[in-house]
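Enquirer: Quick check, what structure comes out for this input:
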Amino acid sequence: MSARDDLLSIGAVAARAGLSVPALRYYEERGLLTAVCDAGGRRRFPRHVLRRLAVIAAGQRVGLSLADIGDALATLPTDRAPSAREWARVGTVWQELLDARLRELQALRTSLDGCIGCGCLSLARCTLLNSGDTAAGRAPAPAGCARPRARRAERSPLGSCPWWRVSRSGPRRTSGAPTRRSTGPPPPSATPPPGPGRCAASWNWP
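Expert: Numbering: from 1, shown residues only. Predicted structure coming up:
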């Protein structure tokens, strides 16, 4: 086999590996694959990249991330086909990762078995509880959350008044509130609604 026959176009590699061309380009950007240029200046992949793609697919099937896969493949040569000893070294690294993953999955399975079987419905005993909101620091707030609206309500002088609720269309009376508006204070006989206390905003009373 000539050196020319040992180089494959990206389309040929995609067809033989069962992948899309954009996927191969993404792998190349991540450093998982390395292309070379032929005599005409065209990008080509060595034939042994097919073995590398098969290993990438195997790692993804067992739940390894592309970062873990890339760290292992970084120890392999890119200018020639890796030897059996070099592939065995990758297998040793992956075995440690898979053993750690198996321990995590076994612990999760034990927790789920206990959660489903206990029937306590008690947060004090739940083994899956996000105690102390520790997950809050690992991810941003979801898109479309109500935080901006809450800040607008806090800036409003009526935001803390139990007689009113603030919305985009302006203040509206709650159930049982007076029907006529006035800027004077409430009459002495008025009973304030349940809430944290009388609001500091202008009262609207008959």
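Enquirer: got the buried residues for the biggest helix by length in the chain?
Expert: Using DSSP state H, we find that the single longest helix of the chain is helix 84-118. Going by neighbour count (16 or more other C-beta atoms under 10 Å), the buried part of helix 84-118 is 90, 94, 97, 98, 115. (Glycine included, C-beta is placed from N, CA and C.)
Enquirer: what would those look like in JSON lines with pLDDT and distance to residue 10?
Expert: Shown next, in JSON lines, are the buried residues of helix 84-118 (pLDDT from 0 to 100; distance: C-beta to C-beta, whole Å):
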{"residue": "90", "pLDDT": "85", "distance to residue 10": "24"}
{"residue": "94", "pLDDT": "86", "distance to residue 10": "27"}
{"residue": "97", "pLDDT": "85", "distance to residue 10": "29"}
{"residue": "98", "pLDDT": "87", "distance to residue 10": "31"}
{"residue": "115", "pLDDT": "66", "distance to residue 10": "48"}
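Enquirer: Take those residues and write them to a markdown table, including distance to residue 39.
Expert: Conversion of the buried residues of helix 84-118 to a markdown table gives the following (distance: C-beta to C-beta, whole Å):
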| residue | distance to residue 39 |
| --- | --- |
| 90 | 32 |
| 94 | 37 |
| 97 | 41 |
| 98 | 43 |
| 115 | 63 |
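Enquirer: which one of those is nearest residue 21?
Expert: residue 90 (25.7 Å; C-beta to C-beta).
Enquirer: contacting residues for the closest one?
Expert: 55, 72, 73, 75, 76 (C-beta atoms under 8 Å, 6 or more residues apart in numbering).
Enquirer: Assess the claim that the first one and residue 73 are in contact.
Expert: Yes. Under the criterion of C-beta atoms under 8 Å, residue 55 is in contact with residue 73, at a separation of 7.3 Å.
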